[in-house]
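Participant: predicted model follows, preceded by the sequence.
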2 protein chains.
Amino acid sequence: MLIDKSPFFRVLKNDPQSAARTGEITTQHGTILTPAFMPVGTRGSVKAVDPTDLLKCGSQIVLANAYHLTQRPGLETLRLFGGLHKFMGWSGPILTDSGGYQVFSLAALRKIEPEGVTFHSPYDGSVTFFSPQSVVAAQTVIGSDIMMCLDECPPYPADYAPVAKSLALTLDWAAKSRAAWDPNSGQALFGIVQGGFYPDLRAQAAAAIAAMDFPGHSLGGLALGEPEAERLQAIETAREILPKDKPLYLMGLGTPNDLIQGVLRGADLFDCVLPTRNARNGQLFTRFGRLNLLNSRHKEDPNPPDPACQCLTCQTFSRAYLRHLLKNREPLFSRLATIHNLTYYHDLLAGVRSAIKTETLAQYVLDFYAAQKAQDSPD
Amino acid sequence: MLIDKSPFFRVLKNDPQSAARTGEITTQHGTILTPAFMPVGTRGSVKAVDPTDLLKCGSQIVLANAYHLTQRPGLETLRLFGGLHKFMGWSGPILTDSGGYQVFSLAALRKIEPEGVTFHSPYDGSVTFFSPQSVVAAQTVIGSDIMMCLDECPPYPADYAPVAKSLALTLDWAAKSRAAWDPNSGQALFGIVQGGFYPDLRAQAAAAIAAMDFPGHSLGGLALGEPEAERLQAIETAREILPKDKPLYLMGLGTPNDLIQGVLRGADLFDCVLPTRNARNGQLFTRFGRLNLLNSRHKEDPNPPDPACQCLTCQTFSRAYLRHLLKNREPLFSRLATIHNLTYYHDLLAGVRSAIKTETLAQYVLDFYAAQKAQDSPD
């Protein structure tokens, strides 16, 4: 592949009052303006929406999962199609998670050893061995613009000793992943900072990962049920140590509040199932708080979910009609609700990028919290 | 309402070799070129697609169901919104079925009397009384461009005596519906020809309905499991008697073959759940026969479902990707498959209309059957 001459990441402007910054990530499939939210398309489909919908919502990059894609459709099929971009019909950038989270979430189905992890497939029971090297190779076939190292995500809460032991494994795997990766491939590889919620372990993780010279950094092991204060402390600890000229990705975050708090601490990329999953359950995010469409007060409401929103859903349909679709399990509902929630998430960060440029981020954040008067349920 | 000066129905051209014709139906929400297929949107949503999708598929008119809409969202909500068009965001014509089919399909939940039918709602058990008059009134609130009379649909097979008795009730209800309808409302009312598969009863039904001078006619009680020969005989019997200057609607039909056979016997309108329901189950209709996407031979197939099709799905996605979505129950699948199947149905009848104009219908029909080499399952 050609070596791209543009730098992978460029900070365009730093916020003078916080660690927030706006920048751009350049990939072979286009440029991502940061901070950016990545919709989750685990198996090569962001649930209920197509690539054109995603572009109209403002999505710049989608996230997929290397573990799930190796199970279905399988690497042979993806190789035949020339990668996931062509297979799913999405020509923008793709980031893939390595399957490290599945090492955590499929705990009953795997065995961890120094060389890698053995999974029993939840699809058909077949056995797969994932090593740091094989996961880089899989993401190479998938054609991810941004790949993740295989890691181990410790549970929360967890004692110091097992978290320290897990971190040693993650750092060993990171070094092996780094060695297996071709820096001239046009595909970036991010190192993942684990270490749980022990500040010295997070700091140790950040320093070790920083020393390995990855194109970007991820913070893993967050949003596992820990209090917000511990989560923000972990982000700050890592951020202090990681070099500021590389992008920082907060894995699995989060709520609109998590995005704002992450941005203020220097985060550049986010992903979460929340906007898409909650959409399918009838919970919409708006400038004025969350809207639960099952609430009977929306039964005859002719207003759109968010009158200030420019998405297809808000421009076309009323809360009453959307509630009718939801109550009757009409399959159209999931798409319309997902389009709105993704638009809301992307608009929130587009506003952040613009506010950083105009040095009005503090006011933007104040306005965000002032407007979030929870409509139906607290954030 | 204004009285539209255009005739409700105009035959544009008769096929010299069959009873087929092409024409146009003019409503307050636009003109429908016939023969036309109407996608089923029972509760005010054609499953998995939005109004923009429908327009792109070639849908000219959608079908909804007065019975279901009175249950949910209810007439009060629809009145508040100024009718179903505004509620569902569809500005084209709408035809509503009366609930007569539900008199048949919800047999365990209803009681039929000369004055009307009492339903126990399958939604919440509440009791609703439907009379011929109340059903016209309900469809007036819904704002249907084409309303149906309340009727009773006898089961198949059924003995002569109960079918004759049922027909007498349907004809009595048709007369009461006709009397309750305002011919200057801008909303058309169709009389429904029942009579089961007894030719003398079908003929009696057609003559009686014709005498009531409705703007259009429907054939009910078809596609209940009867052999095709009986079905076609019933259509021909009624068609011989009904005036040719009014549109003929074959209720609940059908397969692509049913549409072709109906067109050749003078039918102008069709509706069926087949293209939308089968789409969601992975069965696609193509020029070359039906395609079952669960079939493993599509696992790595880079071709679109139908290479000659111009729909979004065929222009963007491979059989392999669509199969992957279906196998993994990705919610995007239903929309993509529905878009294809509706486009196929609309294209089939657009071809018919064009062939009638150019006096090439016989060849079009020959080509249709020659190309339908069932791919995965017989038609």
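Facilitator: That came through, no problem.
Participant: residue A:45: how many residues sit nearby?
Facilitator: Counted with other CB atoms under 10 Å in any protein chain shown, the burial measure for residue A:45 works out to 24 neighbours. Just so you know, the C-beta spots here come from the backbone N, C-alpha and C atoms, and that holds for glycine as well.
Participant: same deal with residue A:129?
Facilitator: Residues contacting residue A:129 under the criterion other CB under 10 Å number 12.
Participant: in space, what's closest to it - neighbours in sequence excluded?
Facilitator: Once flanking residues are discounted, residue A:129 sits nearest to residue A:118: 5.3 Å by CB to CB, 6 or more residues apart in numbering or on different chains.
Participant: need phi/psi at the one you found.
Facilitator: For residue A:118, the backbone dihedrals are phi -100, psi 120 (criterion: degrees, to the nearest 10).
Participant: now residue A:13
Facilitator: With angles defined as degrees, to the nearest 10, residue A:13 sits at phi -160, psi 140.
Participant: list the residues that contact it.
Facilitator: By CB atoms under 8 Å, 6 or more residues apart in numbering or on different chains, residue A:13 lies in contact with A:21-22, A:356-357.
Participant: how much space between it and chain B?
Facilitator: Remark: distance between residue A:13 and chain B (CB to the nearest CB, to the nearest Å) = 37 Å.
Participant: do residue A:106 as well
Facilitator: Counting by CB to the nearest CB, the gap between residue A:106 and chain B amounts to 16 Å.
Participant: burial check on the closest residue to residue A:298 other than its chain neighbours, number of neighbours?
Facilitator: Spatially, and ignoring its direct neighbours in sequence, residue A:298 is nearest to residue A:319 (4.2 Å; CB to CB, 6+ apart). Neighbour count for residue A:319, taken as other CB under 10 Å: 22.
Participant: thinking residue A:319 is in contact with residue A:313, fair?
Facilitator: No. Under the criterion of CB atoms under 8 Å, residue A:319 is not in contact with residue A:313, lying 10.3 Å apart.
Participant: shared neighbours, the two?
Facilitator: Both residue A:319 and residue A:313 are in contact with A:304-305, where contact means CB under 8 Å, 6+ apart.
Participant: and the gap between the most centrally placed residue in chain A and residue B:120?
Facilitator: Nearest to the centroid of the C-alpha atoms of chain A, with distances taken as CA atoms, centre = their mean, sits residue A:271, at 1.7 Å. The gap separating residue A:271 from residue B:120 is 48 Å, by CB to CB, to the nearest Å.
Participant: so what are the domain limits for chain A?
Facilitator: Following automatic domain parsing, one gets these domains for chain A: A:9-272, A:279-371.
Participant: make a markdown table from these and add distance to residue B:70 to it.
Facilitator: What follows is the domains of chain A, written out as a markdown table (distance: least, CB to CB, whole Å):
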| stretch | distance to residue B:70 |
| --- | --- |
| domain A:9-272 | 29 |
| domain A:279-371 | 13 |
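Participant: tabulate the contacts of residue A:13 in a markdown table, adding columns for secondary structure.
Facilitator: Below are these laid out as a markdown table (DSSP: H, G, I helix; E, B strand; the rest coil):
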| residue | secondary structure |
| --- | --- |
| A:21 | strand |
| A:22 | strand |
| A:356 | helix |
| A:357 | helix |
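Participant: report the buried members of those.
Facilitator: The neighbour-count test (16 or more other CB atoms under 10 Å in any protein chain shown) marks A:21-22, A:356 as buried among the contacts of residue A:13.
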